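Asker: pasting the sequence and the predicted model now:
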Amino acid sequence: MTDSKKSFSWRKLVNNIHLWLGIGSGLILFLVCLTGTIYTFRAEIEQMLEPGKYTVEVAEGAGPLQIEQIVSRVIAETGGEVSSIEVPAEPDKAYSLRVKTSPEERRGTMYYVNPYTGLLLGTSDGPASGFFMGVFRMHRWLLMDSSIGRPIVGVATLIFVFIILTGLVLWWPKKLKNWKQGFKVKTRANWKRINHDLHNTLGFYTFFLLLIMSLTGLCWSFGWYRDALGMVLGTEVFGRRGGGESPASTIPDGQTATLSPEEYLVIASGELSYAGDYRLSMPSSPEGVVTIQKTGSGFFASSGRDVIILDQYSGEVLKIERFSDKALNEQIAGSIKPIHTGEIFGTFSKIIYFIACLIATSLPVTGTIIWINKLRKKNRKRRKTRQKSLA
């Protein structure tokens, strides 16, 4: 057998693998990619539908109320306990307070509050909440019970990884002199060639991002995969922040008064001097600590969070975790979710992910059309061969 025949047979094998894996998982991948595309800008869409809940008017010279005043008003109206307060960097943004009405609640309800008037603007439930929950459940579990849908989506995602890799092999030109053809769509050709180029070229341009989405997405489908990725990275994926012994506040003799939330934020600002959004988690016990998370704000803002832990009585800094100080493997392990969703570099990366995921949604469609066209071509050849044999 000659080298050319070996090359042809190997390429044909890869093509068959790519084809049949795509046909077998195409519908599931289409739904997963479509819902992922829709979900990318969930927060922005919800804010667009209810702008008055997320943004506030700022009168000239006006300043926000004391956070303790805002907390007191929220407690009085909800009858619950405030577990965390989010203070945005932008002055025209509402504060977010998470409220638990019973100890059994794991997360509680998010309330949005006008920081200048103390008026409750609403909760995280909105006109699109049900829709996006359905989109989420379709993306993760195909609207099935999680014990059934999760492994199905996981297997389809594993198949997608092989489709992506075999697609790269097929994209690679047989002759290097033809390499330019794989970078462009021949718009003046017939529709079959345009469809082929859309599948081939757009698949190449999104190859890396789709591979990253798939490899990170598998962390929610299979525990064994998550553990294996943790072993590769050398640190636990989705592990608890920090590690080691948890710090505790020192209760002064005869003192029960604590610092105000504003004083905690001033201390945090001194340690983390950049502009950004704060999340202030209040202690739930006398020995508890104040935990402040800070993230940068802006179009290119990184999703990496810095964490500072304070003594609730003295404001002493007990621990600081700067995201930039962590080793690369820890940064990756701690950023699996924003890497998967595209939030890793703020709005900038979300736009890129949206485009890539939209292209991924089209790939099963264009691939199926290519397969149908090839079947028709084979059928025409068979009919011509039969006609010749009968003649």
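Answerer: Right, received. Where do you want to start? All of these numbers come straight from a predicted model, not from anything done at the bench.
Asker: what's in contact with the host helix or strand of Val74?
Answerer: Counting by DSSP states H and E, the element that carries Val74 is helix 67-78. If you take CB atoms under 8 Å, 6 or more residues apart in numbering as the criterion, helix 67-78 is touched by 80-82, 85, 87, 95, 97, 99, 101, 109, 111, 113, 115, 118, 120, 260-262, 280. Using the backbone N, CA and C atoms, a C-beta is placed for each residue, glycine as well.
Asker: how about the helices in the stretch 101-250 of the chain?
Answerer: With DSSP state H, counting those that start in this stretch, the ranges of helices along the stretch 101-250 of the chain come out as 129-141, 146-171, 191-205, 207-217, 223-233.
Asker: low-confidence ranges, this protein, go.
Answerer: Applying pLDDT under 70 to the chain flags the ranges 1-8, 240-245, 391.
Asker: need the contact list for the most centrally placed residue in it.
Answerer: For the chain, the residue nearest the mean C-alpha position is Thr341 (1.8 Å; CA atoms, centre = their mean). For Thr341, the contacting residues are Tyr39, Thr40, Lys350, Tyr353, by CB under 8 Å, 6+ apart.
Asker: redo these as a markdown table? Include secondary structure and distance to Trp10.
Answerer: Conversion of those to a markdown table gives the following (DSSP: H, G, I helix; E, B strand; the rest coil; distance: CB to CB, whole Å):
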| residue | secondary structure | distance to Trp10 |
| --- | --- | --- |
| Tyr39 | helix | 39 |
| Thr40 | coil | 37 |
| Lys350 | helix | 39 |
| Tyr353 | helix | 33 |
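Asker: most neighbours among those residues, please name it.
Answerer: Greatest neighbour count in the contacts of Thr341, by other CB atoms under 10 Å, goes to Tyr353: 26 neighbours.
Asker: wait, that residue sits on Cys33?
Answerer: No. Under the criterion of CB atoms under 8 Å, Tyr353 is not in contact with Cys33, lying 11.3 Å apart.
Asker: list residues touching both of those two?
Answerer: Here Tyr353 and Cys33 share no contacting residue, scored by CB under 8 Å, 6+ apart.
Asker: now tell me what touches stretch 258-268 from outside.
Answerer: Residues outside stretch 258-268 that contact it (CB under 8 Å, 6+ apart): 66-68, 71, 85, 87, 278, 280, 282, 290, 292, 294, 308, 310, 312-315, 317.
Asker: please apply the same query to stretch 122-131.
Answerer: Contacts to stretch 122-131, defined as CB under 8 Å, 6+ apart, come from residues Arg42, Ile45, Glu46, Leu49, Glu50, Lys53, Thr109, Met110, Tyr111, Tyr112.
Asker: I'd like these as TSV, with distance to His18 appended.
Answerer: Formatted as TSV, the contacts of stretch 122-131 follow (distance: CB to CB, whole Å):
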residue	distance to His18
Arg42	32
Ile45	35
Glu46	38
Leu49	41
Glu50	44
Lys53	47
Thr109	47
Met110	44
Tyr111	50
Tyr112	48
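Asker: any of these buried? List them.
Answerer: Arg42, Glu46, Lys53, Tyr111, Tyr112 (16 or more other CB atoms under 10 Å).
Asker: okay, those residues in JSON lines with distance to Leu21 next?
Answerer: Compiled in JSON lines, the buried ones among the contacts of stretch 122-131 are given as follows (distance: CB to CB, whole Å):
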{"residue": "Arg42", "distance to Leu21": "30"}
{"residue": "Glu46", "distance to Leu21": "36"}
{"residue": "Lys53", "distance to Leu21": "45"}
{"residue": "Tyr111", "distance to Leu21": "47"}
{"residue": "Tyr112", "distance to Leu21": "45"}
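Asker: from these, which is closest to Gly167?
Answerer: Within the buried ones among the contacts of stretch 122-131, proximity to Gly167 (CB to CB) peaks at Arg42, which comes in at 28.7 Å.
Asker: nearest residue to that closest one other than its sequence neighbours?
Answerer: Distances taken as CB to CB, 6 or more residues apart in numbering place Phe132 nearest to Arg42, at 5.0 Å, with adjacent residues excluded.
Asker: residues in contact with that neighbour?
Answerer: When contacts are taken as CB under 8 Å, 6+ apart, Phe132 is in contact with Tyr39, Arg42, Ile45, Glu46.
Asker: nearest to Ser302, out of the helices of the stretch 101-250 of the chain?
Answerer: helix 207-217 (16.3 Å).
Asker: just the strands in the stretch 1-150 of the chain please.
Answerer: Taking DSSP state E, counting those that start in this stretch as the test, the strands found in the stretch 1-150 of the chain are 81-87, 95-100, 109-113, 120-123.
Asker: out of the ones you listed, deepest packed?
Answerer: With neighbours defined by mean count of other CB atoms under 10 Å, none of the strands of the stretch 1-150 of the chain is more surrounded on average than strand 95-100, at a mean of 21.
Asker: I am finished for the moment; much appreciated.
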